[in-house]
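**Student:** Generate coordinates for the sequence data below:
(2 chains, ligands or ions: 2)
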Amino acid sequence: MVDATTLIRATLLGLQLGMTLALVAAGLTLIFGMLDVINFAHGALYMLGAYFGVTVATELGSFWLALVIAPLLVAVVGGAIEILSLRPLYGRNPLYHILLTFGIAIMTQGLVVEIWGAQSLRIQVPDALSGTLTYGSLSYPVYWMFVLAVSTVLIGAIWLAISRSDIGIIIRASAHDTEMVDALGFDVSRVFTGVVVFGAALAGVAGVLLGASRSVNPGMGFGVIIQAFVIVVIGGLGSFRGAVFSALLIGLVTAYGALIAPSLTDLFMFALMAVVLIIKPSGLFGATEAA
Amino acid sequence: MAEELLSVSSINTHYGQSHVLFDVSLSVDRGGIVALVGRNGAGKTTTLRSIMCLTPVTSGTITMNDEEIQGLQPHAVRKRGISWVPEGRRVFGDLTVEENLRLAAHTGEGDKRAGFEEIYDRFPRLDERRTQKAGTMSGGEQQMLAIARGLLGPETDLLLLDEPSEGLAPQIVEDVKDIIRDLNDDGVTILLVEQNAEMALDLADLAYVLETGEVVHDAPASELLSDRSAMETYLGVK
Ligand SMILES: Nc1ncnc2c1ncn2[C@@H]1O[C@H](COP(=O)(O)OP(=O)(O)OP(=O)(O)O)[C@@H](O)[C@H]1O
Ligand SMILES: [Mg+2]
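**Tutor:** Numbers count the residues shown, from 1 in each chain, chains lettered A, B, ... in the order given. Ligands and ions are numbered 1, 2, ... in the order given. Next up is the predicted model:
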C-alpha cells in the first residue's frame, strides 16, 4: 500500500514537474497559436538555457545570476531564430517549419556537444536552497520546493496577463484568427517576434531550474520536446490555459504512475493523450469546429 | 462633382496560379454607398481582400485619398482609414464582446473610452452583452459586433462590408440595413458586397456587377434595380 507520506511527496513532485513542463509548453503552444509554427527547436532552447546556466553559474559563481542571465541569452537566440529563419517561411506549408526547426534542434545539439562536451553537467544549487525540508516522516529537498514556487509564480503571472491585459487579448485573438487581427490594425509580425522571444525565455528559465536538479546533457532537448508536444496536444493547440492544465495533469500522472510502475510512465502519458484525443479531438481547451 | 475616396484601377489578383480578378476598376466617392454585386464565386470577396491588401494585387493600383495603398500590409491599410468587416463575421469567438471591442480600439488614438460609449449607444444589443463570449451570440448580434469592431481603432472613413446579410432572418436584415444607413448618414463611406442584390441596391447609390472576375456592368443602383433584364442576366434575379 502507498502511505500518505509517499502520496504527498508524489503530489509535490508531480506539481513541480507539471509547472516546469508548463514553462516549456507555454511557449510552444503560444508560438503555434500565433505563428502556426510547430517549433521543434523549442526543446533546444530549453537545453541552451541549462547550458548557459552552467556556464554563467561557473564563470560568475552565482546561481541567481544564471537564473536571470541564461534565459535572457536564450531569448536572444529565440529572437534570432524567428527573425532570420522562421519569418521568411510564414505562410508556407507547415512542413517547411517542421524541417527548419528540426534542423535547428539538431544543429544546436551538435554545437552543444562541440562546446560543452557530451558528458553530463550540473548547475550548482546555491547554499541557501540546499538541504531538505522535513515534516513528520516527509522529507523533501528545499530546492525542489523552490522550483515549484518559481514556476508557479511565473505561470500565474502569465495567466493573469493573458486573461486581463490588452496584450493577452491580442495573443488570444491571434491564436484564433491572425489575419483578422492584422486587418484590425496590428502589426502582427512584431507580436510574433515578441512571442517567440518570450517563449524562448520561459524555456530558458525551465532549463536553468531543472539544470540544477537533474543532469544537463545534450539529449535533454529532445527529451522535453516530446513531453511538451503531448501537453500542447492534450491542452488544445494554441491554448495557454489548456497547456497549463494538461502540463499539471501530465506531471501528476507521471508522478503517481511512477509509484505504480516506474518504467511505464511514458506509456501513461501517451495513453492519456489517446484518451483525450478520442473524446475531444481538438484537445481539452481547443477551439471547437464551429468557432 | 463628388470627391473620390477610393479608386481601384485595373487590378489583377491571383491566388497562387489561379487568376481571379481581371482588370477590375471601380471608384467610391466620399460619403456614398457603393454596392458590388455578383453571383457566387464572381470575385467580390477577393476584390475587398485586394483593397485591404490581404491578398495583394499582381498589377494595377488602388488609391485611398489619392495615396497608393497596394503593396502595404493590412494593418497599414487599416491605419489609412479603411476597415474590413469580413464574410462570415469572424468575431473572436472565445473573447467576450468587450474584449473584441477592446482589441479593435487598441490601435486607435485619443480617448478610447468615449469611443466605446459611442459604440454601445449605437449598438444597445452589444451593451447588454459586454461579458458574453462572442461565439455564443446569434448571427445578427455577431454581425453587429463585427461592424462595431470595424468602427473602433483608427478613424474609419471607408467601411468594406462583405455579405452583412448572410444567414440572417429578414427582420434582422432590416436592422442591419438601418445600421448601414445610420453610419452612412454619420459620414462613413461604404463599399457593400452582397449576394442579396435587392438589399444592396436598395441601400446603394451606385452599383458594380462582377462576373467571373470582371466588372461587366455599372449603373446607378436604382436604375439597375428597376432594370429587370439586367437583374436577370447578371444576377439571376427574376
Ligand atoms: N484562397 C483561395 N485560393 C484559391 N482560389 C480562391 C481562394 N479564394 C477564392 N478563390 C476563388 O476565387 C474566385 C472568386 O472567389 P470570391 O470568394 O472572391 O467570390 P465571391 O464573389 O466572394 O463569392 P461568394 O458570393 O460565394 O462569397 C472563386 O473562383 C474562388 O474559388
Ligand atoms: Mg464572397
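**Student:** And the residue lying closest to residue B:136 once chain neighbours are set aside, its phi and psi?
**Tutor:** Sequence neighbours aside, residue B:93 is the residue nearest to residue B:136 in space, at 7.9 Å (criterion: C-beta to C-beta, 6 or more residues apart in numbering or on different chains). The way it works is simple: take the backbone N, C-alpha and C, and place the C-beta from them, glycine included. Dihedral pair for residue B:93: phi -60, psi -30, per degrees, to the nearest 10.
**Student:** quick one: pLDDT of residue B:93?
**Tutor:** pLDDT recorded at residue B:93 is 94.
**Student:** how deep is it tucked in, by neighbour count?
**Tutor:** Counted with other C-beta atoms under 10 Å in any protein chain shown, residues neighbouring residue B:93 total 19.
**Student:** how close does it sit to residue A:275?
**Tutor:** 26 Å (C-beta to C-beta, to the nearest Å).
**Student:** Can you check which helix is longest in chain B?
**Tutor:** helix B:170-185 (DSSP state H).
**Student:** Which other helices and strands does the helix or strand that that helix is followed by contact?
**Tutor:** Downstream of helix B:170-185, the next assigned helix or strand under DSSP states H and E is strand B:189-194. Contacts defined by 3 or more C-beta pairs under 8 Å, 6 or more residues apart in numbering or on different chains; DSSP states H and E place strand B:189-194 against strand B:4-15, strand B:18-29, strand B:33-38, helix B:44-51, strand B:158-162, helix B:170-185, helix B:197-203.
**Student:** Which one, of those, ends up nearest to residue A:175?
**Tutor:** helix B:44-51 (21.7 Å; C-beta to C-beta).
**Student:** Just want the angle from the closest one to strand B:189-194.
**Tutor:** Relative orientation of helix B:44-51 versus strand B:189-194 (axes from the mean of the first three to the mean of the last three C-alpha atoms, to 10 degrees): 150 degrees.
**Student:** Which strands or helices does helix B:44-51 pack on?
**Tutor:** strand B:4-15, strand B:18-29, strand B:33-38, strand B:158-162, strand B:189-194.
**Student:** now the helices and strands packed on strand B:189-194 in JSON lines, with distance to ligand 2, mean neighbour count and mean pLDDT?
**Tutor:** Formatted as JSON lines, the helices and strands packed on strand B:189-194 follow (distance: least, C-beta to the ion, whole Å; neighbours: other C-beta atoms under 10 Å in any protein chain shown; pLDDT from 0 to 100):
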{"stretch": "strand B:4-15", "distance to ligand 2": "13", "mean neighbour count": "18", "mean pLDDT": "96"}
{"stretch": "strand B:18-29", "distance to ligand 2": "11", "mean neighbour count": "18", "mean pLDDT": "97"}
{"stretch": "strand B:33-38", "distance to ligand 2": "9", "mean neighbour count": "26", "mean pLDDT": "96"}
{"stretch": "helix B:44-51", "distance to ligand 2": "3", "mean neighbour count": "24", "mean pLDDT": "98"}
{"stretch": "strand B:158-162", "distance to ligand 2": "6", "mean neighbour count": "24", "mean pLDDT": "98"}
{"stretch": "helix B:170-185", "distance to ligand 2": "17", "mean neighbour count": "15", "mean pLDDT": "95"}
{"stretch": "helix B:197-203", "distance to ligand 2": "13", "mean neighbour count": "21", "mean pLDDT": "93"}
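**Student:** all helices for chain A, in order.
**Tutor:** A:4-35, A:42-60, A:63-81, A:94-116, A:142-164, A:166-183, A:188-211, A:220-235, A:240-260, A:265-279.
**Student:** Go through those helices and name the closest to residue B:97.
**Tutor:** helix A:166-183 (12.2 Å).
**Student:** What's the mean pLDDT across the closest one?
**Tutor:** Mean predicted confidence for helix A:166-183 is 91.
**Student:** By mean pLDDT, which helix or strand of chain B comes out lowest?
**Tutor:** In chain B, no helix or strand scores lower on mean pLDDT, DSSP states H and E than helix B:112-122, which sits at a mean of 82.
**Student:** Not counting its own residues, what contacts that one?
**Tutor:** B:101, B:105-106, B:108, B:126-127, B:130, B:148, B:151-152, B:179, B:182 (C-beta atoms under 8 Å, 6 or more residues apart in numbering or on different chains).
**Student:** what angle sits between it and helix B:170-185?
**Tutor:** Using the same axes, to 10 degrees: helix B:112-122 against helix B:170-185 is 130 degrees.
**Student:** can I have helix B:112-122 written out in CSV, keeping just the CAs?
**Tutor:** Output of helix B:112-122 as CSV, limited to C-alpha atoms (Å, rounded to 0.1, in the frame of the first residue of the first chain):
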residue,chain,number,x,y,z
LYS,B,112,-10.8,55.2,-26.2
ARG,B,113,-13.5,55.2,-23.5
ALA,B,114,-15.5,57.8,-25.4
GLY,B,115,-15.3,55.6,-28.5
PHE,B,116,-16.6,52.7,-26.5
GLU,B,117,-19.6,54.6,-25.2
GLU,B,118,-20.5,55.8,-28.6
ILE,B,119,-20.4,52.2,-29.9
TYR,B,120,-22.5,50.9,-27.0
ASP,B,121,-25.0,53.7,-27.7
ARG,B,122,-25.2,52.8,-31.3
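**Student:** Show me what counts as buried in that helix.
**Tutor:** B:112, B:115-116, B:119-120, B:122 (16 or more other C-beta atoms under 10 Å in any protein chain shown).
**Student:** okay, and for chain A, where does confidence drop off?
**Tutor:** Low-confidence segments of chain A (pLDDT under 70): A:1, A:287-291.
**Student:** which residue sits farthest out from the middle of chain B?
**Tutor:** Here chain B reaches farthest from its C-alpha mean at residue B:229, the gap being 27.0 Å by C-alpha atoms, centre = their mean.
**Student:** where does the stretch 101-250 of chain A come near chain B, residue by residue?
**Tutor:** A:166, A:169-170, A:172-173, A:176-177, A:179-188 (C-beta under 8 Å from any C-beta of the partner chain).
**Student:** Buried members of those residues into ChimeraX, please.
**Tutor:** Selection command for ChimeraX covering only the buried members of these, criterion 16+ other C-beta under 10 Å:
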select /A:169,170,172,173,176,177,179,180,181,182,183,184,185,186,188
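**Student:** which ones are touching the nearest residue to residue B:179 once chain neighbours are set aside?
**Tutor:** Leaving aside its chain neighbours, residue B:179 sits nearest to residue B:147 (6.4 Å; criterion: C-beta to C-beta, 6+ apart). In this structure, residue B:147 makes contact with B:85, B:123, B:159, B:161, B:164, B:176, B:179, B:183, judged by C-beta under 8 Å, 6+ apart.
**Student:** what's the burial count for the fifth one?
**Tutor:** This means residue B:164. 27.
**Student:** Next up, phi/psi of it, please.
**Tutor:** Note on residue B:164: its backbone torsions stand at phi -70, psi -20 [degrees, to the nearest 10].
**Student:** With the first one instead?
**Tutor:** Per-residue torsions, residue B:85: phi -110, psi 100 (degrees, to the nearest 10).
**Student:** hang on, it packs against residue B:159?
**Tutor:** Yes: shown here, residue B:85 and residue B:159 form a contact pair, counting by C-beta atoms under 8 Å, at 6.6 Å.
**Student:** Now for those two: what residues contact both?
**Tutor:** B:147, B:150.
**Student:** residues from chain B in reach of chain A?
**Tutor:** Checking chain B against chain A by C-beta under 8 Å from any C-beta, the hits are B:52, B:54, B:73-75, B:77-79, B:84, B:86, B:90, B:92-95, B:99-100, B:102-104, B:106-108, B:135, B:149, B:153-154.
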